[in-house]
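J.: dropping a prediction and its sequence here:
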Amino acid sequence: MHWTNGLIQLPDRSELQGAVAMGGDLQPQRLLSAYRCGVFPWPHGSCLLWFSPDPRTVLLPRQAHIGRSMRKAMLQTSYCVTADQCFDQVVQACASCRRSDQESTWINRDMISSMNTLHQMGYAHSIEAYDQGKLVGGLYGLCLGGVFFGESMFHTAPNASKICFVVLLAQCAVWDIQLIDCQMDTPHMARFGTQHWPRHRFETAVQQQVGRTTRMGPWLLQVNAVAALRILREGAGPTH
């Protein structure tokens, strides 16, 4: 896989931890090739950088930890959770979301355009939460074989993005999507029981999983918030 064609490869110990290359573009085929190698883009200002962190933060859907307060929120929620109903709105909301650890968004115009193209191709997906018809939270990412590569999430109402994430975990368990790539370690993801894998272990797992048949879009969820808790507690066999 020659995703690095035309890029400048960086030394293993670059100043930006996990950065492995710079340059190139965000054309869909380059993006797909990069993700299949466990590499993701992360624009920094006018510079397009490509990352493969070591260690890599991952989550196994069947081993996810759903805390007591989160279980209560799932059981009591009135949010309507769907998939692939407003992908562009979710990405735009993620781009507009202010984050304390970032001076500006990395989801720039080119990234938004490329993600929308990948969505139209059937690879990129969103999970969204509505409250009385209003979009109040969501997440998006790419699915290749047995891996969901998480990109970003947002919320404007309590627990909205977390509920979307738990529903995603349960749906991945049902569909036998075995690995969630969380990219970087964050306290938000750590609450769900993330693991930190050495880069070589992650790359090996990705190579094994991306060769499987990809569940293309648009996605139609088979679980709701209550069913998600049952599935993650009891486990679920794959369906096709």
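T.: Looks like it arrived, so ask away.
J.: the most centrally placed residue in the chain and residue 68, how far apart?
T.: Centroid check for the chain by Cα atoms, centre = their mean gives residue 150 as the closest residue, at 0.9 Å. According to Cβ to Cβ, to the nearest Å, residue 150 stands 24 Å off from residue 68. Every residue, glycine included, has its C-beta placed from N, CA and C.
J.: next, the contact list for the residue nearest to the centre of the chain, please.
T.: Going by Cβ atoms under 8 Å, 6 or more residues apart in numbering, residue 150 touches 139, 141, 180-183.
J.: which ones among these map onto strands?
T.: 139, 141, 180-183 (DSSP state E).
J.: ok, longest helix in the protein?
T.: Ordering each helix of the chain by length in residues (DSSP state H) puts helix 160-175 first.
J.: and that one, C-alpha only, in CSV?
T.: Provided in CSV are the C-alpha atoms of helix 160-175 (Å, rounded to 0.1, in the frame of the first residue of the first chain):
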residue,chain,number,x,y,z
ALA,A,160,-25.6,13.0,23.9
SER,A,161,-22.2,12.0,22.3
LYS,A,162,-21.6,9.3,25.0
ILE,A,163,-25.0,7.7,24.3
CYS,A,164,-24.1,7.8,20.5
PHE,A,165,-20.8,6.1,21.3
VAL,A,166,-22.4,3.3,23.4
VAL,A,167,-24.9,2.6,20.7
LEU,A,168,-22.0,2.5,18.2
LEU,A,169,-20.2,0.0,20.4
ALA,A,170,-23.2,-2.3,20.6
GLN,A,171,-23.9,-2.1,16.9
CYS,A,172,-20.3,-2.9,16.2
ALA,A,173,-20.6,-5.9,18.5
VAL,A,174,-23.7,-7.1,16.6
TRP,A,175,-22.0,-6.7,13.3
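J.: residue 51 contacts residue 22, correct?
T.: No. At 10.3 Å, residue 51 does not count as touching residue 22 under the criterion of Cβ atoms under 8 Å.
J.: pLDDT weak spots in the protein?
T.: 1-2, 13-16, 98-105, 235-240 (pLDDT under 70).
J.: helices of that one, start to end?
T.: Secondary structure of the chain by DSSP H: the helices cover 28-36, 68-76, 87-96, 109-121, 160-175, 187-190, 199-210, 225-234.
J.: list the helices and strands the fifth one packs on?
T.: If I follow you right, that is helix 160-175. Applying 3 or more Cβ pairs under 8 Å, 6 or more residues apart in numbering; DSSP states H and E, one finds that helix 160-175 makes contact with helix 68-76, strand 80-83, strand 124-131, strand 134-144, strand 147-155, strand 179-183, helix 225-234.
J.: so residue 65 sits against residue 194, correct?
T.: No. Using Cβ under 8 Å, residue 65 is not in contact with residue 194; the gap is 9.2 Å.
J.: return the distance of stretch 170-190 from the chain's centre.
T.: Its chain's C-alpha centre and that of stretch 170-190 lie 7 Å apart, by Cα atoms, centre = their mean, to the nearest Å.
J.: all further residue positions should be reported with the first residue as 330.
T.: Done: numbering now begins at 330, and the last item shifts to stretch 499-519.
J.: buried ones in it?
T.: Residues of stretch 499-519 classed as buried: 499-512, 518 (neighbour count, 16 or more other Cβ atoms under 10 Å).
J.: out of these, who's nearest residue 531?
T.: residue 510 (7.8 Å; Cβ to Cβ).
J.: apart from its chain neighbours, what residue comes closest to that closest one?
T.: Computed as Cβ to Cβ, 6 or more residues apart in numbering, the closest residue to residue 510 that is not its neighbour in sequence is residue 478, at 4.5 Å.
J.: that concludes my questions; thank you for your assistance.
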